Structures are given as structure tokens and as C-alpha cells.
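Participant: Predicted model follows, preceded by the sequence.
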Amino acid sequence: MPSRSSRHVLRLAAAVVSVAVLATPAHATRYTRSFHDGRGLRLKTIRDTKGPEQIRVLTLRPGRSVPDIAPADPAYPMWALTSTMSAKIGAIAGVNGDFGTSKGQPKHPLMIDGELWTSGQFAGSAIGWSANGRTAFIGRPRLKIRGRDLSRRARFFVADWNAGAPRAGRIGGYTFRGGTVTRPPGSMQPQATDPHWCAARLVPDRPIGWNSKRKSALVRRYTVDAQPEPCPKTPLGLGSTKGNVVIAVKASSPRAQKLLRLKPNDTVNLSTSFKHWPRVTDVMGAQQMLVRDHHNIAPGYHDGADHIFDYNPRTAMGISKGCSDTVRSTRCRIFLITIDGRQSTWSSGVRMPRLAGELIRAGAWKAVNLDGGGSTTMWSRKRKSQFCESVPDVGGCLVQRPSESFGERVTRSAIAILPHIDRGTPRQLR
């Protein structure tokens with residue numbers, strides 16, 4: 001039985017709680033509830049009466065659970081709900097991912113399980129992580145795609161990957177992931193003014209692997225299956241094998257000679273690297289940097305600025321310092337945050353500096369802004385009444401309230417938390 005002094009302390013604590021509950025919006029109060037799932041994942045819900053704001057923070061300690069990327073579809077265009085994408089791969093939680101184009105493709109670089117899906121339509125920031133999630137980076141990645149003709153000791157660079165026609169005469173790469181949106185260049189019914197395209201089709205003859213023990217690049221070996229000459233105006237098809245790659249460049253480009261040197265049956269290596277990001281197998285593109293070295297660097301809003309910088313629902317991702325350094329004593333933590341918005345009595349939304357402040361408060365050393373607005377979604381497989389706001393068709397629950405009147409909005413990809421190792425990543429890359 002508690003002593004008289006301890007009972008007094010308990011009554012005092014209860015009184016303090018009562019004062020907090022009765023506090024008016026003029027004296028802003030934060031209500032916090034947390035839930036641990038036992039797999040290194042914690043969900044924190046925060047009600048801030050100033051605003052008001054509804055904030056949700058997922059904190060992952062990589063180990064028993066790992067992050068992964070769930071695409072909406074196998075190829076562009078891609079459209080699906082965050083809850084559906086997350087549930088489909090057996091995740092325990094998920095948030096929406098990168099911004100996208102009206103054609104259903106990601107705006108920025110995307111790599112899933114060691115396979116580059118696209119180099120992106122625009123420059124931007126990104127977050128990348130290893131298969132076990134214990135190494136992660138945030139910044140503006142420097143993607144390099146290098147080609148090497150082992151038969152003729154020739155080298156070339158691929159500038160764009162599933163990103164439309166090659167820019168400024170550069171070499172572009174194409175795979176089946178481009179779907180009906182991004183195909184090898186050329187016209188099936190060419191006109192007199194249409195350009196000629198030099199191209200080569202590469203067929204994989206080895207699984208993808210690391211370049212060395214440093215794991216600074218992903219490498220795959222191919223055999224040249226076709227290289228039509230003279231360079232036609234019609235596109236070179238990808239063929240029936242999903243792993244095939246077509247590389248192409250305008251015949252008028254000085255780089256055309258690089259592809260004209262390739263001959264059928266030549267052996268070619270393609271390597272993909274994100275400079276200073278070793279061991280990375282998954283990369284999710286993003287937009288604005290929010291936190292760097294624990295400092296708030298988020299862009300502010302001013303009159304006339306794009307609406308994206310004003311009050312909006314938000315989704316963001318951050319990492320602790322231990323994800324990127326080599327000091328064993330610092331541990332990696334990954335933070336996924338959503339803030340609801342455009343709902344005056346529930347949550348008004350925030351500008352980016354406030355979003356960055358919440359990430360710093362959670363423990364982020366670096367952080368980046370993901371797609372927000374009507375796309376902002378956080379899903380949990382476990383349904384607990386004190387955290388759930390709605391129940392999607394796939395089960396589980398949304399732990400926040402989408403701003404769209406119809407509920408959850410389709411996006412192109414999701415960042416999902418798996419309760420086990422990432423089985424989608426080839427064993428040799430783990």
C-alpha cells in the first residue's frame with residue numbers, strides 16, 4: 001500500500017493532468033500516446049492544441065523490422081493506395097512515398113531491392129538504405145550508371161534511366177518498368193523529320209551483385225543481343241525477358257559512336273552507384289531537405305511562394321546520426337512522420353520549418369520532405385482503437401485522417417516496414 005507521502009505525490013500528479021486537460025488553446029498543450037509493437041517499432045500520436053495539429057511519428061530501430069519500398073504496380077503508370085501497397089507486401093506499417101507525375105511515374109530516383117526503376121524526372125533529395133536498414137543516407141544523391149564493353153574495352157555512361165527521351169543527346173536506358181509511359185525512343189510510323197536512334201539490347205547473363213567488398217556499386221553482366229545498323233528511326237524493342245535493357249542515343253550525338261562499337265554477343269557490365277552511399281539497395285526520391293546535421297534548414301513561406309510551402313498536410317522521413325556514420329556506439333533510428341491538415345477543427349497543417357522542428361524533436365539528424373497534401377497517409381496493420389481513425393478495405397487502420405473528402409488517395413509508392421528481413425532483396429545483396 002502506498003505511503004502517505006507517495007499518495008500525496010499521486011494526487012498531485014493527477015491534479016497536474018487535470019490542469020493539462022482543461023488548458024485552453026491559448027495555452028497550447030501536447031497530448032502524447034505511444035505504442036510499441038515488440039519488433040523495434042514505436043508509434044507515437046501527438047495532439048497539439050495549438051493549431052490544432054495531429055502528429056504521428058513512427059520510430060524504427062532496424063533489426064527485427066526493416067524498411068522497404070512497395071510500388072503500386074510492376075511498371076508505369078503506377079496508382080494504388082498506401083494501405084493496399086503496404087498490406088500486399090506483408091508490412092506492419094507504411095506511409096506514402098515520393099511525389100509523382102500525372103503519368104503515374106515517380107518524379108525522383110527510385111531503386112527497389114537493388115534494381116534501379118528510374119533516375120527520375122527532376123533533381124531532388126532522396127533517402128537510401130541498406131537491405132537490413134542499419135545503414136541509411138539522406139541528401140542529394142549523385143547517381144552514376146556506367147557501362148563497360150568487356151569484349152572491346154570500351155566505356156560509356158548512361159545519363160537517364162526510364163525517364164523519357166535522352167536529354168541533350170545523352171544515352172538513355174530502358175527496362176520493362178517503364179511500362180506504357182517510358183519506352184525506348186523512336187516512332188513506329190516515322191516521318192521525314194524524325195531523328196534516327198542508335199540502340200542496343202542487352203540480355204542479362206548473371207544475377208546482380210556488388211562490385212567489391214566495399215559495396216559501393218551494384219553490377220550486372222549482360223550480353224548484347226541486338227544492335228541494328230544503320231541506326232533506324234523506329235524503336236528497338238525490349239524483347240520478352242524482364243531483365244532486358246535497351247540503351248539508346250540520337251544518331252546525331254557524338255555519343256552514338258559508343259553504342260555503334262557494341263556488337264552482338266559482346267559482354268557488357270552495367271554498374272549503378274550513388275556516390276558516398278555504400279551498401280544501399282533501396283532509394284526513395286523526395287524533394288526539399290528539412291534537417292541537416294540536426295539543424296532546421298527547411299525552406300520557409302513568403303507571399304507569392306508556391307502553395308507547397310504554405311500550411312499543408314505533411315509526410316516526411318528522417319534518420320539518426322548513427323545510420324550514416326561508422327561509430328558502432330551510435331545506433332540507427334528511422335523516423336516516419338505525418339501531420340494532418342486542411343481540417344480546421346482536427347488539424348490545420350504546418351509549414352516546412354515546423355515539420356522539420358518535429359523531426360528534430362523526434363531525434364532526426366537528417367530529414368527530407370515526401371509527398372504531402374491529399375497523399376499524406378500512415379497505415380498500421382495492428383488495429384488498436386485508441387490509435388485508429390478509419391479502417392481501409394485491406395484491414396489494419398489509418399492512424400491519421402486524410403484531407404481528401406473521399407479518404408485515402410492513390411499514390412505511386414509507399415515506404416513500408418516489414419516485420420522480417422527484406423526477402424525481396426536478392427540474397428547476395430543482403
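Facilitator: Happy to help now that I have it.

Participant: was I right about R61 contacting G38?
Facilitator: No: R61 sits out of contact with G38 when judged by C-beta atoms under 8 Å, with a separation of 11.4 Å. Placement of C-beta: from N, CA and C, glycine included.

Participant: Quick check on the two: which one has the bigger neighbour count.
Facilitator: Of the pair R61 and G38, R61 is the one with more neighbours under other C-beta atoms under 10 Å, namely 17 against 8.

Participant: contacting residues for that one?
Facilitator: Contacts for R61 (C-beta atoms under 8 Å, 6 or more residues apart in numbering) come out as 40-41, 331-333.

Participant: Also S125?
Facilitator: By C-beta under 8 Å, 6+ apart, the neighbours of S125 are 108, 138-140, 285-289, 368-369.

Participant: Please report which of those has the highest neighbour count.
Facilitator: Top of those by neighbour count (other C-beta under 10 Å): G285, with 31 neighbours.

Participant: And the helix or strand where E358 lies, what does it pack against?
Facilitator: For E358, the host element (DSSP states H and E) is helix 352-362. Judged by 3 or more C-beta pairs under 8 Å, 6 or more residues apart in numbering; DSSP states H and E, helix 352-362 is in contact with strand 53-60, strand 289-292, strand 295-296, strand 314-319, strand 334-339, strand 366-369.

Participant: then it to CSV, C-alphas only?
Facilitator: Taking C-alpha atoms only, helix 352-362 is exported to CSV below (Å, rounded to 0.1, in the frame of the first residue of the first chain):
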residue,chain,number,x,y,z
MET,A,352,8.0,23.1,-43.6
PRO,A,353,10.1,24.7,-40.7
ARG,A,354,7.5,23.4,-38.2
LEU,A,355,7.7,19.9,-39.8
ALA,A,356,11.5,20.0,-39.5
GLY,A,357,11.2,21.0,-35.9
GLU,A,358,9.0,18.0,-35.1
LEU,A,359,11.6,15.7,-36.8
ILE,A,360,14.4,17.2,-34.8
ARG,A,361,12.3,16.8,-31.6
ALA,A,362,11.9,13.1,-32.5
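
Participant: can you pull the buried residues of it?
Facilitator: In terms of neighbour count (16 or more other C-beta atoms under 10 Å), helix 352-362 has its buried residues at 352, 354-356, 358-360, 362.

Participant: May I have the distance across stretch 290-298, first residue to last?
Facilitator: In terms of C-alpha to C-alpha, to the nearest Å, the two terminal residues of stretch 290-298 are separated by 4 Å.

Participant: before we move on, what about stretch 326-337?
Facilitator: For stretch 326-337, the first and last residues are 26 Å from each other (C-alpha to C-alpha).

Participant: where exactly do the helices run in the stretch 251-400 of the chain?
Facilitator: For the stretch 251-400 of the chain, the helices defined by DSSP state H, counting those that start in this stretch occupy 256-260, 352-362.

Participant: What mean pLDDT does the shortest one get?
Facilitator: Put plainly, it is helix 256-260. When the per-residue pLDDT values of helix 256-260 are averaged, the result is 95.

Participant: repeat for the last one
Facilitator: The predicted model assigns helix 352-362 a mean pLDDT of 98.

Participant: Could you tell me the angle between it and strand 53-60?
Facilitator: Regarding helix 352-362 and strand 53-60, their directions subtend 40 degrees when assessed with axes from the mean of the first three to the mean of the last three C-alpha atoms, to 10 degrees.

Participant: Could you check how far helix 352-362 is from the centre of its chain?
Facilitator: 19 Å (C-alpha atoms, centre = their mean, to the nearest Å).

Participant: List the contacts of it.
Facilitator: Contacts for helix 352-362 (C-beta under 8 Å, 6+ apart): 44, 55, 57, 59, 288, 290-291, 294, 296-301, 309, 314, 316, 318, 335, 337, 339, 350, 367, 369.

Participant: now do the first one
Facilitator: Helix 256-260 is contacted by residues 147, 154, 156, 171, 198-200, 227, 229, 231, 247-250 when judged by C-beta under 8 Å, 6+ apart.

Participant: in it, what's buried?
Facilitator: 256, 258-260.
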